[in-house]
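>>> no letters, just coordinates:
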């Protein structure tokens with residue numbers, strides 16, 4: 001299917017790109033990526049790791065940044081102890097920590 005025949009929502013969703021394309025096209029949030037990835041690599045397995053909140057306006061690159069981090073974690077053998085959990089874009093039904101863990105358990109079960 002050519003890009004002109006795709007629904008508009010699919011054109012701008014970075015999760016519809018392949019891994020190589022997303023990595024090649026990742027050019028904007030490099031400072032944020034490097035900071036978070038460095039923190040992940042420096043973290044110790046037995047210690048609680050640093051938490052990050054990524055927020056921004058629609059279209060500011062949040063999903064692309066997270067996808068890039070996912071690929072970097074999966075490609076780094078030193079981070080093989082980490083599991084990447086990826087939700088779909090909007091999760092309005094998660095309103096408590098309990099509900100978050102239920103969703104994570106469902107994803108891991110699949």
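Everything's here; your move. Because the structure is a prediction, the values reported are computed rather than measured.
>>> residue 23: how many residues sit nearby?
14 (other Cβ atoms under 10 Å). The way it works is simple: take the backbone N, C-alpha and C, and place the C-beta from them, glycine included.
>>> of all residues in the chain, which one is nearest the centre?
Centroid check for the chain by Cα atoms, centre = their mean gives residue 66 as the closest residue, at 2.7 Å.
>>> what about the nearest residue to residue 82 once chain neighbours are set aside, helix or strand, and which?
Closest residue in space to residue 82, ignoring its immediate chain neighbours: residue 73 at 5.5 Å, by Cβ to Cβ, 6 or more residues apart in numbering. For residue 73, the host element (DSSP states H and E) is helix 62-75.
>>> all strands of this structure, in order?
Here the chain has no strands by DSSP state E.
>>> which secondary structure element of this structure has the lowest mean pLDDT?
Sorting the helices and strands of the chain by mean pLDDT, DSSP states H and E puts helix 8-11 at the bottom, at a mean of 56.
>>> just to revisit the earlier point, who's in contact with the residue nearest to the centre of the chain?
With contact set as Cβ atoms under 8 Å, 6 or more residues apart in numbering, residue 66 has these partners: 54, 86.
>>> how much space between residue 99 and residue 105?
11 Å (Cβ to Cβ, to the nearest Å).
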